[in-house]
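[1] Sequence and predicted model, in that order:
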Amino acid sequence: MSTVSQSMGLDDLGGEYDPELYRASIVAEAAPRPTDVQWPSWEASYREHGYQAVQGLFTHDDVDAAMAGIDHLISGQVEQFRGVQWERAAKQLAESSDLATRRDLVRKLMYYVDHDERLHRMAHAPQVIELMERLLGEPVTLFADQALLKPPGIGREKPWHQDLAYFDLRPGAPVVGLWIALDEADIANGCMHLVSDSHHEGSVVHFNRRDFQICDTELAGSRVTAVPLHPGDALVFDGLLWHGTPRNGSDRRRWALQFHYARTSDMWQTKEQRHDYKEKRLAVFGADGKDVTC
């Protein structure tokens, strides 16, 4: 059995926040995958609002396989895998717990697709790659993979942010995120919340507060949309869309997979190029050196 010391470690972020930040005035409904005839209107809505929720992108068998893959990685059976991050509240339990307990203590898995074939298949499923290539207009690369496992009772908030604030890509490169529900995801256990149309605002300065995040005061006056999903449903969203998830105060876990795709031509090719992209990213998204406060 792996231990905390062998994993990515304990999450050391989070903190108290105003629940009003996630007071949803709109609840989105997932729609079926678009047919070729429906595609122009589906894409137009995505471009306008920055997201689309999709029913049944994966089957129940796919979901079961993904859960088995997560269990396999959490159990410590894949010795070379080190991408487990535990909830801070799990510090006293994580090392000695059995799998049934451990699976409700993990906050996140990262960079796992090359360590489990079942999860790799989901990230590269034909329906996913087709969708990403249609939205991005050319061959795509999966460059980030996370399993977001908000545990019951202790799963912390992920504050409001834009995903492009985290990624070292060619400046201005478009990114599409894919968030796949493995459990029933609803408002009580921390489903995705977003601000429709917010991607049109462009890059927003982020601050190191409860996480690397948009300042809470920027949300004032925003109409928040909650996106509940059934297992196998997915949220497709723009890399500049404002989104976040509240803490899970329920007695139910909320497992989800998250993948990010970019045009292959926008990926860094050398370490020097990646360093350059990172500096340019922080010049846009980072608060250090800017005449701003939060």
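    Everything's here; your move.

[2] most centrally placed residue in the protein?
    residue 258 (4.5 Å; Cα atoms, centre = their mean).

[3] just checking, next helix/strand downstream of the helix or strand in which residue 149 is found?
    For residue 149, the host element (DSSP states H and E) is strand 140-150. Following strand 140-150 in sequence order, the next helix or strand is strand 158-161 (DSSP H and E).

[4] what sits up against that following strand?
    With Cβ atoms under 8 Å, 6 or more residues apart in numbering as the test, strand 158-161 has contacts from 17, 21, 148, 195, 206, 209-214, 216, 218-219, 242-245. Glycine gets a C-beta too; all of them are placed from N, C-alpha and C.

[5] any idea of the mean pLDDT for it?
    Average pLDDT, strand 158-161: 96.

[6] Stretch 44-63 now?
    Computed over stretch 44-63, the mean pLDDT rounds to 98.

[7] Can you show me the CA trace of it as CSV?
    What follows is stretch 44-63, C-alpha atoms only, in CSV (Å, rounded to 0.1, in the frame of the first residue of the first chain):
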residue,chain,number,x,y,z
ALA,A,44,-22.6,28.7,-32.1
SER,A,45,-24.0,28.4,-28.6
TYR,A,46,-20.7,27.1,-27.3
ARG,A,47,-18.9,30.1,-28.8
GLU,A,48,-21.4,32.5,-27.4
HIS,A,49,-21.7,31.1,-23.9
GLY,A,50,-18.4,29.3,-23.4
TYR,A,51,-19.8,25.9,-22.6
GLN,A,52,-22.1,23.1,-23.5
ALA,A,53,-23.3,20.2,-21.2
VAL,A,54,-23.6,16.9,-23.0
GLN,A,55,-25.8,13.9,-22.0
GLY,A,56,-24.3,10.4,-22.1
LEU,A,57,-20.9,11.2,-23.7
PHE,A,58,-19.8,8.0,-22.0
THR,A,59,-21.8,4.8,-21.1
HIS,A,60,-22.3,3.3,-17.7
ASP,A,61,-19.7,0.6,-18.6
ASP,A,62,-17.2,3.4,-19.4
VAL,A,63,-17.9,5.0,-16.0
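
[8] mind listing the helices for the stretch 151-294 of the chain?
    Here the stretch 151-294 of the chain has its helices, by DSSP state H, counting those that start in this stretch, at 271-285.

[9] which stretches of it have low pLDDT?
    When residues are selected by pLDDT under 70, those of the stretch 151-294 of the chain lie in 289.

[10] Okay, strands next: where are they in it?
    In the stretch 151-294 of the chain, the strands defined using DSSP state E, counting those that start in this stretch lie at 158-161, 175-181, 192-194, 206-208, 212-214, 224-227, 234-238, 243-245, 254-263.

[11] Give me the helices and strands touching the third one, please.
    Right, strand 192-194. Under the contact definition 3 or more Cβ pairs under 8 Å, 6 or more residues apart in numbering; DSSP states H and E, strand 192-194 sits against strand 224-227, strand 243-245.

[12] Just name the most buried of the ones you listed.
    Of all the helices and strands packed on strand 192-194, strand 243-245 has the most neighbours on average by mean count of other Cβ atoms under 10 Å, namely a mean of 25.

[13] Direction included, what does that one pair up with?
    strand 158-161 (antiparallel), strand 192-194 (antiparallel) (DSSP bridges).

[14] Could you count how many residues lie near the nearest residue to residue 212 once chain neighbours are set aside?
    Among residues not flanking residue 212 along the chain, residue 206 sits closest, at 5.2 Å (Cβ to Cβ, 6 or more residues apart in numbering). The number of residues packed near residue 206 is 23, by other Cβ atoms under 10 Å.

[15] who does residue 206 bridge with?
    Assigned bridge partners for residue 206, using DSSP bridges, are residue 214, residue 286.
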